[in-house]
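> The sequence and its predicted three-dimensional model are supplied below.
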Amino acid sequence: MTVSSFNTVTLTPSPVVSFNVKRPSETLSALLKTRRFLAHLLSPNKDAAALARDFSRGNQCLAGFGEGSGVFGFEFVEAEGSAEGEGEGDGEALLPVLRRRKGRSGSQAQDSGDEGRDDFPFIFECQLHDQQVEVHDHTVVFGTVVRTLVGGSPGTLDGRPGQASDLCLTYADTRFWEMGREI
């Protein structure tokens, strides 16, 4: 699922994010059942924008995605290692993350020599809150961030200051953007 409104609700005492889901929704049903989800923040590039657009079209557009025949060469893989903030989690195994399939070229993956890491600079594992807010045909969902994967793997920005290239894909005025320009 692609969301057009992903927000920080609070950072303390624990980070909480929110987003809206239009009902009826198979995704909302799955969220309510599993109580956990990953929020993949996308890099500002054409491949990530195309992936977001395909996810926004619903499950029927993504048939076979999880079996490795993914759109634009993406697939679900097991997360590597232990994640930052793992002690705060519920002790469950890490959820599978999206990665570019090995050997597939992309706007950044091949240049960096680290396939998949540049497509998703940050991934948040979240625990669903007990309460949601229903507004007309949408549900506002809240999740506490329990783990953070940087570049799809545990890590940090290595103490360096953030840069424009560290920012994520945004969506405004029916278009995808990186800082300062349309994608």
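Everything's here; your move. Numbering: from 1, shown residues only.
> going forward, measure contacts between C-alpha atoms and count neighbours the same way
Noted.
> what's the longest strand in the protein?
In the chain, with assignment by DSSP state E, the single longest strand is strand 138-150.
> counting contacts, what elements does it pack onto?
Judged by 3 or more C-alpha pairs under 8 Å, 6 or more residues apart in numbering; DSSP states H and E, the packing partners of strand 138-150 are strand 16-22, strand 122-128, strand 133-135.
> show me where the protein has strands.
According to DSSP E, the strands that the chain contains are 6-10, 16-22, 36-41, 74-77, 97-100, 122-128, 133-135, 138-150, 170-172, 175-178, 181-182.
> Okay, now the sheet partners of the fourth one, with direction.
In this case it means strand 74-77. Partners of strand 74-77 in the sheet, by DSSP bridges, are strand 97-100 (antiparallel).
> Name the residues of the longest helix along the chain that are buried.
Of all the segments of type helix in the chain, defined by DSSP state H, the longest one is helix 46-56. For helix 46-56, the buried set under the neighbour-count rule, 16 or more other C-alpha atoms under 10 Å, comprises 46, 47, 48, 49, 51, 52, 54, 55.
> Mind putting these into CSV with pLDDT?
Listed next are these as CSV, based on pLDDT from 0 to 100:
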residue, pLDDT
46, 87
47, 84
48, 85
49, 87
51, 85
52, 86
54, 81
55, 81
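> wait, what's in contact with residue 42?
Listed by C-alpha atoms under 8 Å, 6 or more residues apart in numbering, the contact partners of residue 42 are 48, 49, 119, 120, 121, 122, 168, 169.
> Would you list the phi and psi of the closest residue to the first one other than its chain neighbours?
Read it as residue 48. If you skip the residues right next to it in sequence, residue 48 has residue 42 as its closest partner in space, 6.0 Å away by C-alpha to C-alpha, 6 or more residues apart in numbering. Dihedral angles of residue 42 (phi, psi; degrees, to the nearest 10) stand at phi -90, psi 150.
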